[in-house]
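Colleague: make a model of this:
(one chain, ligands or ions: 1)
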Amino acid sequence: MFLTLLLVTLLTDCSKGRTLDGGRGASSFRPQYPMEIADRDAHNGGIVIGLNDIQTGGMEKGGDDGYSIATSESPDSDPPSGEVENNYIASVGNVAIDENVDNEEEEGVSYERMDPEPEENNSFDVDLFQGESDLVVIMRRMYESLTKRLNLLKSRVTSVEQTARDILARLTVMDCSDLKRSTSGSGSYEYTFHMDHNGKRPVTVICDMETDGGGWTVVQRRLPHSKAVNFDRSWHDYKVGFGHASTDYWVGLENLYIWTNARHYELRIELSDFDGDTAYAQYDRFYVEGEDEGYRLHVSGYSGTAGDSLGNEGKSDNFTANGMMFTTHDEDHDTSHEINCAKYWKIGGWWFNRCSWANLNGPYREQGEGDGIGINWHMWRNKEYLRSSTMMIRPSRDP
Ligand SMILES: [Ca+2]
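Modeller: Got it, this is the predicted structure:
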């Protein structure tokens, strides 16, 4: 009997403990005032709590001591029993819920604003308008920036194209004869070559596209009555060149060496005197050796009207330039043991022997100006000063 009574007591306790509400019976845990809260929230623009937003099972106290509960069920509907009942019964734990939106961020509670303030709509439109205006400004600035970058890129592309053309020209245009094939015009014009001096000392010369078919690279020039350029210069100056293509100039022995050792060249010398007469001397073969050999001169195959003052028609004497090294006032390579021809006579640089039959780099002297040594070509006008001279080279037609 006692055992029976004890069993009944235990079963009664277990029945009470099955509920997840802390021991209260489901029927005694019916939510209080659910609709009142929902209606009040809806009308006041407050908060609405949905079942899916509320944690379940945390209810420790009844709704009569400060906790509020909202459900979507009718207040007259009986909640399901058991575990389903616990899902049905919304619990907000220890979070108090009221119309104060300041509590909206509390854990376990979500909300949504039901009736946005009209002022907020107005401010939103203003912001949107302002945003569009800002967007236009930003896009305009982006366009301007992109335009600048595009122009910069165009400029760089143009520069690269020009550089490519220059490089191609350096590789394919060695002298004025190469220009002739790509130039439709005639006459003479200036052109700048970039010889092999590690990018230094570009040389600007006159290209004669008229004389004897054209294609001549002018390597020395003395204009009539011109004393613009002093030709009494040092070894270095004669080596690298001096003067100006627009007036008088010497192209430089190193450039002559580079040209005449890359191709077979012919040399043409054009002269004029103060009587208005002209003459020329042409050599089918012309080249100079390197600096180690004093830029020694080699000419052959003379033809022309001025006489062979460089080769002396093959008869070597003390004045023949052919086979001589170059001499300046500071570099004595002539064959005279007594003097330096350039220094002694002050006649510039030349392929002096024991001096020469010709010197086109002498001081410019007008007709009748003293009896010294000027620009001379003895085989034509003996010791008379000449009015002008031009030395020019072109690849030989029959190398
Ligand atoms: Ca000497």
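Colleague: the chain: strands as residue ranges?
Modeller: Using DSSP state E, the strands of the chain run over residues 188-193, 203-208, 216-222, 242-243, 249-250, 265-272, 278-288, 297-304, 358-359, 376-377, 388-395.
Colleague: dump those to a markdown table, plus mean neighbour count.
Modeller: Placement of C-beta: from N, CA and C, glycine included. Listed next are the strands of the chain as a markdown table, based on neighbours: other CB atoms under 10 Å:
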| stretch | mean neighbour count |
| --- | --- |
| strand 188-193 | 16 |
| strand 203-208 | 21 |
| strand 216-222 | 26 |
| strand 242-243 | 20 |
| strand 249-250 | 25 |
| strand 265-272 | 23 |
| strand 278-288 | 20 |
| strand 297-304 | 18 |
| strand 358-359 | 28 |
| strand 376-377 | 24 |
| strand 388-395 | 23 |
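Colleague: go through those strands and name the closest to the ion.
Modeller: strand 358-359 (15.2 Å; CB to the ion).
Colleague: picking that back up, mind putting the strands of the chain in a markdown table, distance to the ion and mean pLDDT included?
Modeller: Formatted as a markdown table, these follow (distance: least, CB to the ion, whole Å; pLDDT from 0 to 100):
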| stretch | distance to the ion | mean pLDDT |
| --- | --- | --- |
| strand 188-193 | 33 | 91 |
| strand 203-208 | 29 | 94 |
| strand 216-222 | 23 | 97 |
| strand 242-243 | 23 | 97 |
| strand 249-250 | 21 | 98 |
| strand 265-272 | 25 | 98 |
| strand 278-288 | 19 | 98 |
| strand 297-304 | 16 | 97 |
| strand 358-359 | 15 | 95 |
| strand 376-377 | 19 | 96 |
| strand 388-395 | 24 | 97 |
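Colleague: tabulate the ones you listed in a markdown table, adding columns for distance to Arg170.
Modeller: Listed next are the strands of the chain as a markdown table, based on distance: least, CB to CB, whole Å:
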| stretch | distance to Arg170 |
| --- | --- |
| strand 188-193 | 8 |
| strand 203-208 | 12 |
| strand 216-222 | 15 |
| strand 242-243 | 22 |
| strand 249-250 | 21 |
| strand 265-272 | 19 |
| strand 278-288 | 21 |
| strand 297-304 | 27 |
| strand 358-359 | 34 |
| strand 376-377 | 35 |
| strand 388-395 | 17 |
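Colleague: in contact with the residue in the stretch 101-250 of the chain that the ion sits nearest to: list those residues for me.
Modeller: Per CB to the ion, Trp235 is where the stretch 101-250 of the chain lies closest to the ion, at 13.7 Å. By CB atoms under 8 Å, 6 or more residues apart in numbering, the contact list for Trp235 reads Thr328, Asp330, Glu331, Gly349.
Colleague: list only buried entries from these.
Modeller: Thr328, Glu331, Gly349 (16 or more other CB atoms under 10 Å).
Colleague: go through those residues and say which is closest to Val299.
Modeller: Nearest to Val299 among the buried ones among the contacts of Trp235 is Gly349, at 16.8 Å by CB to CB.
Colleague: that closest one against Thr327, yeah?
Modeller: Yes - judged on CB atoms under 8 Å, Gly349 makes contact with Thr327 at a distance of 6.4 Å.
Colleague: what's the spacing between Asn361 and Asp277?
Modeller: As judged by CB to CB, to the nearest Å, Asn361 and Asp277 stand 21 Å apart.
Colleague: so between the two, which is more surrounded?
Modeller: Legend: neighbour count by other CB atoms under 10 Å for Asn361 and Asp277, higher for Asn361 (22 against 12).
Colleague: and the residue nearest to the more buried one when sequence neighbours are not counted, backbone torsions?
Modeller: If the residues on either side of it in the chain are set aside, Asn361 comes closest to Gly348, at 3.7 Å by CB to CB, 6 or more residues apart in numbering. Dihedral angles of Gly348 (phi, psi; degrees, to the nearest 10) stand at phi 70, psi -170.
Colleague: pretty sure Gly348 sits against Gly362.
Modeller: Yes - applying CB under 8 Å as the test, Gly348 and Gly362 come out as touching, 5.7 Å apart.
Colleague: got any residues that touch both of the two?
Modeller: The overlap between the contact sets of Gly348 and Gly362 (CB under 8 Å, 6+ apart) consists of Phe231.
Colleague: my read: Thr172 touches Arg165, true?
Modeller: No - Thr172 is beyond contact range of Arg165, at 10.4 Å (criterion: CB under 8 Å).
Colleague: of all the contacts of Trp235, which two lie farthest apart?
Modeller: Largest pairwise distance in the contacts of Trp235, by CB to CB, is 9.6 Å, between Asp330 and Gly349.
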